[in-house]
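Peer 1: everything below, folded, please.
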Amino acid sequence: MAKYGKWVGGALGWAFGGPLGALFGFFLGSVFDASSGFYFSKGAAGPTTGADFRLSMLALLAAVMKADRKHLKIELDFIKNIFRNSFGDAYTREVMSVLKELLEKDIPVRDICLQIRSHMEHPARLELLNILFALAYADKELHPNEDYLLQQIASDLGISEKDYQSIRSVHVPDNGWAYKVLEIEPSASDDEIRKAYRRMAMKYHPDKVAHLGEDVAKSANEKFQAVNRAWNQIKEERKIV
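Peer 2: You can find the predicted model right below:
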């Protein structure tokens, strides 16, 4: 099997073409050999695969790491843990080898985001931004350059300002974080808050990204739990029954 075959671990679809394919061209061309048992088609149309998602995620994780010009160990550990928890040490070593090369490259972030926007389902794009925020705030500090880049990424991914602020508030909480997570104003009625909670619980349910793999569903569950924490906090504050 080719060097990176284990990490890709399945059929590549649309990520093999366009700017993502060009960025990863340094290893995609040799991912598969005749005995690998895997296949890909150049720029294939169709739903997002787990491999498509992971390539998109790794490219944007590298871009966020470069934003504050610090390649902090805590950020590297964060990325290692994402992959180690789901794929084990061998896969993680492959990922970190790819990441090392990505950090030396110019990443066409906007072009990549537009490609993702054209092919990736909205729930997966939301989860992608959620993971990027988790990386940016891994050191408990959101650098202005990171914040700016994440805003640009969200816009290019077709993610609304409300969704952006909701995800941001999960990782960078402030006094009004619970309302922001539920995408509602503090002046909202109890009934409006109930409806907002149900809407957000449906929007961020892990089942919406389960087809991308257990690792993605596990990460999505953290956002889902944040929605529940926000609802419980507001419910307790307002004595909603």
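Peer 1: check which helix or strand the residue nearest the centre of the chain maps to.
Peer 2: The residue lying closest to the centre of the chain (CA atoms, centre = their mean) is L128, at 1.8 Å. For L128, the enclosing helix or strand under DSSP states H and E is helix 122-136.
Peer 1: continuing past that helix, what's the next helix or strand?
Peer 2: Heading C-terminal from helix 122-136 (DSSP H and E), you reach helix 144-156.
Peer 1: what helices or strands is that following helix leaning on?
Peer 2: helix 50-67, helix 109-119, helix 122-136, helix 161-171 (3 or more CB pairs under 8 Å, 6 or more residues apart in numbering; DSSP states H and E). Where C-beta positions appear, they are placed from N, C-alpha and C, glycine not excepted.
Peer 1: and for it, what's in contact with it?
Peer 2: 60, 63-64, 67-69, 109-110, 113-114, 117, 129, 132-133, 136, 163-164, 168 (CB atoms under 8 Å, 6 or more residues apart in numbering).
Peer 1: may I see the buried residues of that helix?
Peer 2: E146, D147, L149, L150, I153, A154, D156 (16 or more other CB atoms under 10 Å).
Peer 1: tell me the angle of it relative to helix 161-171?
Peer 2: 140 degrees (axes from the mean of the first three to the mean of the last three CA atoms, to 10 degrees).
Peer 1: what average pLDDT does helix 144-156 get?
Peer 2: Here helix 144-156 scores 95 as its mean pLDDT.
Peer 1: stretch 55-64 too?
Peer 2: 92.
Peer 1: now it, how far from the chain's geometric center?
Peer 2: Between the centre of stretch 55-64 and the centre of its chain there are 9 Å (CA atoms, centre = their mean, to the nearest Å).
Peer 1: again with stretch 99-117
Peer 2: 14 Å.
Peer 1: any regions of the protein where pLDDT drops low?
Peer 2: 1-12, 26-45, 69-71, 86-87 (pLDDT under 70).
Peer 1: which elements pack onto the longest helix along it?
Peer 2: Identified as the longest helix of the chain according to DSSP state H is helix 73-102. On a contact count with 3+ CB pairs under 8 Å, 6+ apart, helix 73-102 meets helix 5-8, helix 25-28, helix 50-67, helix 122-136, helix 214-238.
Peer 1: let's have those helices in JSON lines, adding distance to K73.
Peer 2: Converted to JSON lines, the helices and strands packed on helix 73-102 look like this (distance: least, CB to CB, whole Å):
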{"stretch": "helix 5-8", "distance to K73": "22"}
{"stretch": "helix 25-28", "distance to K73": "24"}
{"stretch": "helix 50-67", "distance to K73": "11"}
{"stretch": "helix 122-136", "distance to K73": "13"}
{"stretch": "helix 214-238", "distance to K73": "21"}
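Peer 1: now do the contacts for K66.
Peer 2: Taking CB under 8 Å, 6+ apart, we find K66 in contact with L103, I107.
Peer 1: tally of neighbours for D163?
Peer 2: 21 (other CB atoms under 10 Å).
Peer 1: how many neighbours does the closest residue to it other than its chain neighbours have?
Peer 2: Excluding the flanking residues, the one nearest D163 by CB to CB, 6 or more residues apart in numbering is L126, at 6.2 Å. Counted with other CB under 10 Å, the neighbours of L126 add up to 23.
Peer 1: what of M202?
Peer 2: That count, for M202 with other CB under 10 Å as the rule, works out to 11.
Peer 1: and for Y204?
Peer 2: So Y204, with other CB under 10 Å, has 27 neighbours.
Peer 1: one more: D191?
Peer 2: As a burial measure, D191 scores 9 neighbours (other CB under 10 Å).
Peer 1: check K208 too.
Peer 2: K208, neighbours per other CB under 10 Å, totals 19.
Peer 1: that one is in contact with P123, isn't it?
Peer 2: Yes - with contacts counted by CB atoms under 8 Å, K208 reaches P123, the gap being 3.8 Å.
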